[in-house]
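K.L.:
Mind folding the following:
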Amino acid sequence: MAERNQTKGTFMSLHSRLRWLFLANATVLITHQIDAAYWHEWELFFIPGGNQVNLLLNIPIIALVLYAHSRFIASASTGLAFYKLLAGLGFLTVGIHAFFFARGGESFNQAMSLALLVATFVFSSWQLLALRGMEQASAPARQ
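P.N.:
Purely as a prediction, here's the structure:
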């Protein structure tokens, strides 16, 4: 029985870690969107309408991130798809900006802009590693 409680304690610890990683990555991604307004990100994507359209496009993106957080907090098992979605959004964000950097883009080159992108990559990676740890901890022991 003690072994079972120890496993449950490990799962809770991992679940708590998953929640904090989700929150950290969501915070960094939303902050990146604020930074994107400074850099006129809509110009990188040739989106007409300037900041007004940029703000409108960010409403559903930020709503999705907040909804995903609420679903994961409500139930880790049913919220796993949202957890993976956020990590995917993080990798997509970093990949898009890596593409622009490789093409000689000069946007997002300030220290905090770069730090947000690095943090997004790190948190997205940690999210998936922590998820793997949770899945391994909850898998039945094989003998």
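K.L.:
drop to CA atoms for contacts and neighbour counts, all remaining ones
P.N.:
Noted.
K.L.:
For the helix or strand of the chain with the lowest mean pLDDT, enumerate the helices and strands it packs against.
P.N.:
Every helix and strand of the chain was ranked by mean pLDDT, DSSP states H and E. The lowest is helix 2-38, at a mean of 78. Where contact means 3 or more C-alpha pairs under 8 Å, 6 or more residues apart in numbering; DSSP states H and E, helix 2-38 is packed against helix 50-74, helix 80-102, helix 111-138.
K.L.:
can you give me how far that helix is from the chain middle?
P.N.:
Chain-centre distance of helix 2-38: 9 Å, with C-alpha atoms, centre = their mean, to the nearest Å.
K.L.:
for the helices and strands packed on helix 2-38, which one sits closest to Leu21?
P.N.:
With C-alpha to C-alpha as the criterion, Leu21 lies closest to helix 111-138 of these, at 5.9 Å.
K.L.:
That closest one vs helix 80-102, what angle?
P.N.:
Relative orientation of helix 111-138 with respect to helix 80-102: 150 degrees, computed using axes from the mean of the first three to the mean of the last three C-alpha atoms, to 10 degrees.
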